[in-house]
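> could you look at this predicted model? Sequence included:
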Amino acid sequence: MDRLERLSGKYGLLINAEKTKTMTTGASSCKIDINNILVEKVSSFSYLGSLITDDTECAKDIRGRLAKSLSIGAKLKKIWQNHGIRISTKLRLMKALVWSVAIYGCENWTFKKDDEKRIGAFEMKCLRQVLRVLLKATMTNE
């Protein structure tokens, strides 16, 4: 870190020790200081919209993404209930507006059974909203 600070200083770049954070995975720990100021250690941070945690679990990120997508779907409720719009158009809107938010950054996810079930339930909830199928209706997800 001293070397990075020294080299960046040559080009007029400064490292802000108060804004800099560190995170390690596993049981290892590190203590980094910049100008004799100890850098804070964090357990999670948001990077490009994805939540990175020190336990390398993706469940929190998946739940957060699905919650954001559900809020977008709720804002489109008038469109889902409009009888003048074809179902094929509604499905295309759902894929473009709701699913794009839900699966952003999914390349980095490692799935567990619970995560797969949660995503499947989310998909069924979205489809039921678009197709106007009530939760009380005794219809299979097929």
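Great, that's in hand.
> how far off centre is the strand or helix carrying residue 6?
Using DSSP states H and E, residue 6 maps to helix 2-10. Offset of helix 2-10 from its chain centre (Cα atoms, centre = their mean, to the nearest Å): 34 Å.
> other residues contacting it?
Helix 2-10 is contacted from outside by 14, 15, 34, 35, using Cβ atoms under 8 Å, 6 or more residues apart in numbering. In this view, the C-beta of every residue, glycine as well, is placed from N, C-alpha and C.
> among these, which lie within strands?
Among the contacts of helix 2-10, the members falling in strands are residue 34 (criterion: DSSP state E).
> most neighbours among the contacts of helix 2-10, which one is it?
residue 34 (17 neighbours; other Cβ atoms under 10 Å).
> tell me what that residue is bridged to.
residue 37 (DSSP bridges).
> which residues of this structure score low on pLDDT?
Across the chain, the ranges flagged by pLDDT under 70 are 137-142.
> so residue 126 sits in a strand?
No: judged by DSSP: H, G, I helix; E, B strand; the rest coil, residue 126 forms no part of a strand; its state is helix.
> hang on, the earlier thing: got the CA coordinates for the helix holding residue 6 in CSV?
Taking Å, rounded to 0.1, in the frame of the first residue of the first chain, the C-alpha atoms of helix 2-10 are listed here in CSV:
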residue,chain,number,x,y,z
ASP,A,2,2.9,2.3,0.7
ARG,A,3,4.3,1.7,-2.8
LEU,A,4,0.9,2.4,-4.3
GLU,A,5,0.6,5.6,-2.4
ARG,A,6,4.1,6.7,-3.3
LEU,A,7,3.7,6.0,-7.0
SER,A,8,0.2,7.6,-7.2
GLY,A,9,1.6,10.7,-5.4
LYS,A,10,4.0,11.2,-8.3
